[in-house]
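[1] Give me coordinates for this.
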Amino acid sequence: MPATGSIFNYDAIKSEIEALEGQTQSPGFWDDPDHAQAVMQKLTTLRGRVEPWEELEHEVEESLEMAQLLKEEGEEQGDDARQLEETAEELERRAERLELRSMLSNEEDGLPCFLKIHSGAGGTESQDWAAMLMRMYLRWCEQNDYKTEIVDLSEGESAGIQSATIRVEGPYAYGYLKGEAGVHRLVRISPFDANARRHTSFASVDVTPEIDDSIEVDIGIQDKDWRIDSFRASGKGGQKVNKTTSAVRITHFPSNTVVSCQNERSWHQNREMAFTILRSRLYEQELARRREAAQAKEEEKMDINFGSQLRSYVLHPYKMVNDHRLELKVSDAEAVLDGAIDPFIEGYLRWQIGRGEAKKAGGVA
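    Sure, this is the predicted structure:
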């Protein structure tokens, strides 16, 4: 079962599974198809959380039995023993992955997400940094077999990007990436400075879940609340640039939120994706209001200003990536920029749990 430090409650989930299974066996269960479908969907989700742990526990027990057998037969150094050692290492890696996933308990954690990167002040320097961040996240997604789609892209004037919105789809995409929201700072010798001086650049990252019908929050999108503008897709040319006025920008007046999409082939497809992004942004705002009202800050999001960076990436005079919130430092900055951000993702999830336990104990988070 999950180790200490996880918020996964195996016994409670098993009890809930048994209760839901009881509902499915009751007469007339399928008389209300919508309710029945919701119950079956929740049952599938809960089973998906406990069954991997049960499978792992079974395999661990088998390995222990094999180890005891080899010990009794005096074959602790042979091929079977080496194979058993490799199996044990793989089981340990699986346990670590399952423990990390068990920390994702919010209903939105399992959803796809939209990751938006926006360059800060500083022109070309910050725009190039924003492009480096976009590559970092795309590489992380590629390494973890996550599907990505760049749904909106505003390129920089001479290099990099001004902003980009990426849709990420995969197991617990939002849960893993939500801790990346904040201001990211880069320190390096500028490749754009003829005098090779050191520059500091900033870019902000925002992460919102792509909500679906399983999430019940009234975000109140009404016709009078928004305006749709159409424009021609931007780009540096080539076959992928849409020559027609098919790009869509939606302005939501009550929240002063503006979203756009220009990646799809038709105006209707761009409009649908833009509304999906808008709903995800409004949903995140609604969750933030609820957390504030309950004084329960489930997520720590640094203010998007250039004095409260979440993470610093230093390439000169030394190499280091420092997450200021977690007090976590990684010396291989190039690997991080190539997508190796798992230490920060795992660190954030463990940090969240630590804050929650401190609050329950009456301590300071």
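[2] okay, now the domains of this structure?
    Here the domain assignment for the chain is 10-102, 113-358, based on automatic domain parsing.
[3] could you pull out the strands for this protein?
    With DSSP state E as the criterion, the chain has strands at 113-119, 147-155, 161-169, 182-189, 198-209, 226-231, 247-252, 257-261, 311-314, 320-323, 328-330.
[4] quick check: angle from the longest one to strand 113-119?
    Going by axes from the mean of the first three to the mean of the last three Cα atoms, to 10 degrees, strand 198-209 is angled at 160 degrees with respect to strand 113-119.
[5] Mean confidence (pLDDT) on strand 198-209, please.
    The average pLDDT within strand 198-209 is 92.
[6] same check, this time on the shortest one
    Per-residue confidence for strand 328-330 averages out to 97 on the pLDDT scale.
[7] For that strand, which helices and strands make contact with it?
    strand 320-323, helix 342-360 (3 or more Cβ pairs under 8 Å, 6 or more residues apart in numbering; DSSP states H and E). Every C-beta, even on glycine, is put in place using the N, C-alpha and C of the backbone.
[8] Deepest-packed of the ones you listed, please.
    strand 320-323 (a mean of 19; mean count of other Cβ atoms under 10 Å).
[9] can you dump the C-alpha coordinates of it into PDB?
    In PDB, the C-alpha atoms belonging to strand 320-323 read as follows (Å, rounded to 0.1, in the frame of the first residue of the first chain):
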ATOM      1  CA  MET A 320      22.200  25.700 -11.400                       C
ATOM      2  CA  VAL A 321      18.500  25.500 -11.400                       C
ATOM      3  CA  ASN A 322      17.000  26.700  -8.100                       C
ATOM      4  CA  ASP A 323      13.400  26.300  -7.100                       C
END
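[10] Direction included, what does it pair up with?
    strand 311-314 (antiparallel), strand 328-330 (antiparallel) (DSSP bridges).
[11] any idea which of these is most buried?
    strand 311-314 (a mean of 20).
[12] Excluding covalently adjacent residues, which one is nearest to Gly179?
    Nearest residue to Gly179, sequence neighbours excluded (Cβ to Cβ, 6 or more residues apart in numbering): Tyr348, at 3.2 Å.
[13] wait, isn't the one you found in contact with Leu326?
    Yes - using Cβ atoms under 8 Å, Tyr348 is in contact with Leu326, at 6.5 Å.
[14] hang on, the earlier thing: I'd like to know which of the helices and strands packed on strand 328-330 has the weakest mean confidence.
    Among the helices and strands packed on strand 328-330, helix 342-360 scores lowest, with a mean of 79.
[15] Return the list of helices and strands in contact with that helix.
    Against helix 342-360 (3+ Cβ pairs under 8 Å, 6+ apart) you get helix 173-177, strand 320-323, strand 328-330.
[16] low-confidence ranges in the stretch 151-300 of the chain?
    Residues of the stretch 151-300 of the chain meeting the criterion pLDDT under 70: 212-221, 234-244, 290-300.
[17] re the thing from before, would you reformat the strands of the chain as TSV and include distance to Ala67?
    As requested, these are exported to TSV (distance: least, Cβ to Cβ, whole Å):
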stretch	distance to Ala67
strand 113-119	42
strand 147-155	40
strand 161-169	40
strand 182-189	46
strand 198-209	43
strand 226-231	63
strand 247-252	60
strand 257-261	56
strand 311-314	42
strand 320-323	39
strand 328-330	35
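[18] deepest of those strands, which one?
    Comparing those by mean count of other Cβ under 10 Å gives strand 113-119 as most buried, with a mean of 24.
[19] That one to strand 147-155, inter-axis angle?
    30 degrees.
[20] Which neighbours in the sheet does strand 113-119 have, and how are they oriented?
    Assessed with DSSP bridges, strand 113-119 is paired to strand 161-169 (antiparallel), strand 198-209 (antiparallel).
[21] Would you mind putting those into CSV with distance to Leu91 alongside?
    Shown next, in CSV, are the strands paired with strand 113-119 (distance: least, Cβ to Cβ, whole Å):
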stretch, distance to Leu91
strand 161-169, 29
strand 198-209, 32
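[22] Quick check: which of those strands is nearest to Gly122?
    strand 198-209 (5.4 Å; Cβ to Cβ).
[23] Of all the strands paired with strand 113-119, which one is nearest Leu56?
    Using Cβ to Cβ, these put strand 161-169 closest to Leu56, at 25.8 Å.
[24] Using CSV, write out the CA atom coordinates for that closest one.
    Extracted in CSV, the C-alpha atoms of strand 161-169 (Å, rounded to 0.1, in the frame of the first residue of the first chain):
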residue,chain,number,x,y,z
ILE,A,161,8.1,33.8,-28.9
GLN,A,162,5.9,36.4,-27.2
SER,A,163,3.5,33.8,-26.0
ALA,A,164,2.3,30.2,-26.6
THR,A,165,-0.6,28.0,-25.4
ILE,A,166,0.0,24.3,-25.4
ARG,A,167,-2.6,21.6,-24.8
VAL,A,168,-1.2,18.6,-23.0
GLU,A,169,-3.0,15.3,-22.9
